[in-house]
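next input, structure requested:
(chains A and B)
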Protein chains: 2
Amino acid sequence: MQIPGPYLLFLGDTPHRLDAKTASGILDWRPELCAGQCRLDANTVDLGLPDMSPSAAAAAGAHTLVVGVAAFGGVLDAAWIDTLLAAIRAGLNIASGMHMRLRDNAAIVAAAHEAGVQLFDVRHADRRFDVASGRKRSGYRLLTVGVDCAVGKKYAALAIHRAFATRGIAADFRATGQTGILIAGGGVAIDAVVSDFAAGAAESLSPDNAPDHWDVIEGQGSLFHPAYAGVSLALLHGSQPDALVLCHDTRRTHIDGYPDYPLPTLAECIAANERAARLTNRAARCVAVALNTFGMSETERERAFAATREETGLVVFDPIATSADAVVETLLAFGTNAYDSDQRDVACNQLGRAYNDKKNHCTA
Amino acid sequence: MQIPGPYLLFLGDTPHRLDAKTASGILDWRPELCAGQCRLDANTVDLGLPDMSPSAAAAAGAHTLVVGVAAFGGVLDAAWIDTLLAAIRAGLNIASGMHMRLRDNAAIVAAAHEAGVQLFDVRHADRRFDVASGRKRSGYRLLTVGVDCAVGKKYAALAIHRAFATRGIAADFRATGQTGILIAGGGVAIDAVVSDFAAGAAESLSPDNAPDHWDVIEGQGSLFHPAYAGVSLALLHGSQPDALVLCHDTRRTHIDGYPDYPLPTLAECIAANERAARLTNRAARCVAVALNTFGMSETERERAFAATREETGLVVFDPIATSADAVVETLLAFGTNAYDSDQRDVACNQLGRAYNDKKNHCTA
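Prediction:
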């Protein structure tokens, strides 16, 4: 799946910026992909892009209308459908990350067929995946993992990818959720894959690569989430990460939406993820913590960073407010070969953390 | 899904008993459900049931032809389809656990529609599942878990269910794979559920029940399997088991089909499963080990049992060669209330195993 840009970001009629987080995410990370926004009325959230009708966007060179807003209950209302049909007739492809498929709407399918444009249901894989092989692949991999859902795993991965790219280091961002896929233009919505094949889908997402290439993989869910831990574990095993980055929001006190599930400590979360990851890559190590400090003053942020550094002994950063440079420096400090051999253990121990492979060998 | 019996077991033309393990499984556990067998030629494996054509089976009172054999590559060959069509015309429903759906074969669908019979693709759920809620449900639950795939999790669960039933204790066998579903007449093929909903599907499989009722749930995969651990974890979290039974084949040296993946020790496997299970049920405990001792002499079996008892301190049994009575006695010895409160910890400690909830709190 490769979604042609530039995009026209469709915002429907939602007045809430939070409902437009897919559109915001694309604009935050790929502004060059965003030709304009399409809003159904004046109360609709404004991302500050030029307002365009579908036909104006097509004339301006846009190739795909992206549904950048979550529809309540996943249902497309009639006003939306008229706009999508107009976009199709104007020659735009349509991309959507909704659970409800574009392909299940007969009018949209017929119009797309007639206009010769493509429909991208990015939450639904078009292809079948193999069962995971467990075979170790070449190249380096980093996976962001979470204490909970919605704590910044996608933004952390994007920031780390950008820090690699800025230094001219070969790296790819690998998307595993709908917004990430629209940002990257491709990927696999791992939570929409049949569970037997989820680890295999994760394997296919970061294939063999050059020995010094980094795949920076967007994590999903949390091993401590009562509904999604299976998704997280399949992604962890299939990704075979060399490096893990734990993502956290220090203001979160329990699993979001699950008040009976208190958050684990960072130490528990790091230990559980490393233990599980070592099933498919015994060198897997957590190297950094990404904190979501949105809304904090600089003093509060510095205090949160210091406390987390103290607690974990790891590099701490915020993917938005600060920079991921220190993560990349840490990874590079391991040396080119450090991730290929037992030297990884040595390199990691030099970072001041004691590991005991034997003790931590058992997984999950 | 409730599949009407009795069954006609369709064996195709396979000469290998191992390929007929779905049919064998049904016959081993539900002989009263098996009206006869249907074989395409004289070289086909013989389960010792009366040979019947579909029309003879229908006349004898059978209600469903069950595809009891794995087709190579999951493809239905022409000779099979003719027999399935004949069965449909004779008024039999068709049930299949193959990856390839009966519903995707136009001739079969048309014939079933005309004859007014049902098609059961037991590997594919007809319904949508909710995301798991994590809410603790009433009643007791036991889940069989594995060191690897294909070590006897289904047979262990069936044997324990039978031991409960023999004592007149209210219990249900809950099937999570195709053969189990055909044995039980219902269930959910958990590995065929979209990964986002796998834990939710597991929750729906063992709903709230009477406080002294036991659901005995068929496990899937292994937390140490590089392809299927995510399935196992989702099932473990959604099942909220009070009791775990670890299933093992002492002759297995590595994950089947994955020579680079050595088996964990039983202690590692028990610790990993208990740690993960305690996310959704903090009282979860491993209470027994089921050994597959097929082909061993009595002396060899006794030696294997003794070694496993020594290693784990747990009850050891073989679901086929011996009996699951000791497992049920162990569970009942906890007392009616033991599984409802902190007394569970006390009861478990009385069994001679030391637990440290704090240390083992972190999961996955």
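
show me where the stretch 51-200 of chain A has its helices.
With DSSP state H, counting those that start in this stretch as the definition, the stretch 51-200 of chain A shows helices at residue ranges A:54-59, A:78-89, A:106-115, A:153-166, A:178-184, A:198-205.

out of these, nearest to chain B?
Minimum separation from chain B across those (Cβ to the nearest Cβ) falls at helix A:198-205, 4.5 Å. Where you see a C-beta, it was placed from the backbone N, CA and C, and this is true even at glycine.

can you show me the strands along chain A?
Shown for chain A, the strands assigned by DSSP state E span residues A:7-12, A:34-39, A:64-67, A:93-96, A:119-121, A:140-146, A:171-174, A:214-217, A:243-248, A:285-291, A:315-317.

wait, what's in contact with residue A:315?
Residue A:315 makes contact with A:287-289, A:309, A:326-327, A:330, according to Cβ atoms under 8 Å, 6 or more residues apart in numbering or on different chains.

so what's it bridging to?
Residue A:315 has these beta-bridge partners by DSSP bridges: residue A:288.

what residues does the stretch 101-250 of chain A put near chain B?
Residues of the stretch 101-250 of chain A lying close to chain B by Cβ under 8 Å from any Cβ of the partner chain are A:131-136, A:190-196, A:198-200, A:223-224, A:226-235, A:237.

just the buried ones from these?
With neighbours counted using 16 or more other Cβ atoms under 10 Å in any protein chain shown, these contain these buried positions: A:131-134, A:190-196, A:198-200, A:223-224, A:226-235, A:237.

can I get the helices of the stretch 51-200 of chain A in a markdown table with mean pLDDT?
Compiled in a markdown table, these are given as follows (pLDDT from 0 to 100):
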| stretch | mean pLDDT |
| --- | --- |
| helix A:54-59 | 98 |
| helix A:78-89 | 94 |
| helix A:106-115 | 97 |
| helix A:153-166 | 98 |
| helix A:178-184 | 95 |
| helix A:198-205 | 98 |
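
where in the stretch 1-150 of chain A is pLDDT low?
A:71-75 (pLDDT under 70).

now tabulate the strands of chain A in TSV and tack on distance to residue B:269.
Listed next are the strands of chain A as TSV, based on distance: least, Cβ to Cβ, whole Å:
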stretch	distance to residue B:269
strand A:7-12	48
strand A:34-39	50
strand A:64-67	45
strand A:93-96	42
strand A:119-121	39
strand A:140-146	23
strand A:171-174	31
strand A:214-217	28
strand A:243-248	23
strand A:285-291	24
strand A:315-317	34
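
and of these, who's closest to residue A:265?
Comparing these against residue A:265 with Cβ to Cβ, the closest turns out to be strand A:243-248 (10.4 Å).

which strands and helices sit next to that closest one?
In this structure, strand A:243-248 makes packing contacts with strand A:140-146, helix A:153-166, helix A:266-277, strand A:285-291, judged by 3 or more Cβ pairs under 8 Å, 6 or more residues apart in numbering or on different chains; DSSP states H and E.

nearest residue to residue A:23 in space, please, no chain neighbours.
The shortest distance from residue A:23 to any residue other than its chain neighbours is 2.7 Å, reached at residue A:68 (Cβ to Cβ, 6 or more residues apart in numbering or on different chains).

can you list the domains in chain A?
Following automatic domain parsing, one gets these domains for chain A: A:7-121, A:140-360.
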